[in-house]
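# everything below, folded, please.
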Amino acid sequence: MVNHAAREAHWNKARQLLLSVDAPETDEHDLLAQVWAPLQDDIRSDAAALALLTLGHPHAARDRLRAQLPSEHLDLRALLLARFAAWTADIEFTREVWTAHRELVDAISTASVLIELANTAESIGERNDASHMRERAVAAHPHGLDALVASPSADHRSTNAVRRVLHFVHSILGAKPDATRNRLVLQPRLPDACSRLRVTNLRLGPAAIQLEYHRDPAAPTRAGTVTHTFVLTPLEGMVPIRVVFEPAIPGQTIHNVTVDGTHGSLDVRRSGDRLLCPVQIVLDNVRTLEVSTM
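Sure, this is the predicted structure:
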């Protein structure tokens, strides 16, 4: 009973530090509460460990990588290894487990996973490995690598919860972590139904940030101007992270852009029915991007 109570207390404390989603108009609202139980029930799987790592809790991933516990899927274990470095910037530990997982790394043939492993190899100083893996990735997918996004495919008890976490963070928010370089790419492509959003405790290494979004009017009509406001706030961390921010915004043309209240000109380009509005931000303070479309 004591052990169970201590475990519950540990996880309840951990939850307060993990990624939370406030988006009442979407299925992702209060995502952590929706996925928490199945992830805890399946805590001894690589898939659940990967989802918890993405939510900001790396301990299960660290335990599985250190102990070299059997994995349900080779690509899944490789992703856990690659993304552990990308989210935590723990170079020393990554070097240690990289060597221990050498045979597994050499066995990977999926192009998207090889690209993530190549980035990890480069971050720990294994440049020859990185170059070799990129060559293998190109050979496996000769028609281009830019659109490849690795995601687990193994079936397990927490499959739905894991996929929901990874879909939200990597597809809806468009997060591409690179904690070893103190850099985070965010390419949010929010559902049309979403007029407001707040994501708190998105963690990268020792830093944590908050992303807020507001659309005015909430239910735009065919005519008139729509204003999309994004606010990025640093919550934790001594060194400001660099955010490459590229929201995909619905609209035909850009009417006006301001960055921290100052009018700006962005290198806007079209992607399907969205406009991509890229800006690079050193997150040393609250930063606001406001884009008006017509």
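# could you use CA atoms for every contact and neighbour count after this?
Fine.
# just the element for Tyr238, please.
Residue 238: Met, not Tyr. Under the criterion DSSP states H and E, no helix or strand holds Met238.
# can you list the domains in the protein?
As given by automatic domain parsing, the domain ranges for the chain are 2-161, 182-293.
# what's the average pLDDT for the shortest one?
Across domain 182-293, pLDDT averages out at 94.
# now Thr229, what's its secondary structure?
Classification of Thr229 into helix, strand or coil gives strand, according to DSSP: H, G, I helix; E, B strand; the rest coil.
# that one pairs with what?
His214, Glu290 (DSSP bridges).
# again, but for the one 5 residues further on
On the basis of DSSP bridges, Pro234 takes part in beta bridges with Ile209.
# go ahead and confirm it touches Asn285.
Yes. Using CA atoms under 8 Å as the test, Pro234 is close enough to Asn285 to be in contact (6.4 Å).
# tell me which of the two has more neighbours.
For Pro234 against Asn285, the residue with the higher neighbour count under other CA atoms under 10 Å is Pro234, and the figures read 21 against 12.
# spit out the contact partners of the more buried one.
When contacts are counted by CA atoms under 8 Å, 6 or more residues apart in numbering, Pro234 is found next to Ala207, Ala208, Ile209, Gln210, Pro240, Leu283, Asp284, Asn285, Val286.
# and the gap between it and Met133?
Taking CA to CA, to the nearest Å as the criterion, Pro234 is separated from Met133 by 35 Å.
# what does Arg189 give?
Arg189 is 30 Å from Met133, where distance means CA to CA.
# same deal with Gly251?
Plainly put, Gly251 is 39 Å away from Met133 if you go by CA to CA.
# which one of these two has more residues nearby?
The residue with the greater number of neighbours, taking Gly251 and Met133 and applying other CA under 10 Å, is Met133; the counts read 25 against 17.
# doesn't that one lie inside a helix?
Yes. The assignment for Met133 is a helix, going by three-state DSSP.
# so what's it up against?
When contacts are counted by CA under 8 Å, 6+ apart, Met133 is found next to Leu114, Ile115, Leu117, Ala118.
# okay, those in CSV with pLDDT, secondary structure and distance to His255 next?
Converted to CSV, the contacts of Met133 look like this (pLDDT from 0 to 100; DSSP: H, G, I helix; E, B strand; the rest coil; distance: CA to CA, whole Å):
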residue, pLDDT, secondary structure, distance to His255
Leu114, 94, helix, 41
Ile115, 93, helix, 38
Leu117, 95, helix, 41
Ala118, 96, helix, 40
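# now, among those, which is nearest to Glu25?
Minimum separation from Glu25 among the contacts of Met133 (CA to CA) is found for Ile115, which lies at 34.9 Å.
# spatially nearest residue to the closest one, not counting backbone neighbours?
The spatial neighbour of Ile115 that comes closest, neighbours along the chain excluded (CA to CA, 6 or more residues apart in numbering), is Arg134 at 6.0 Å.
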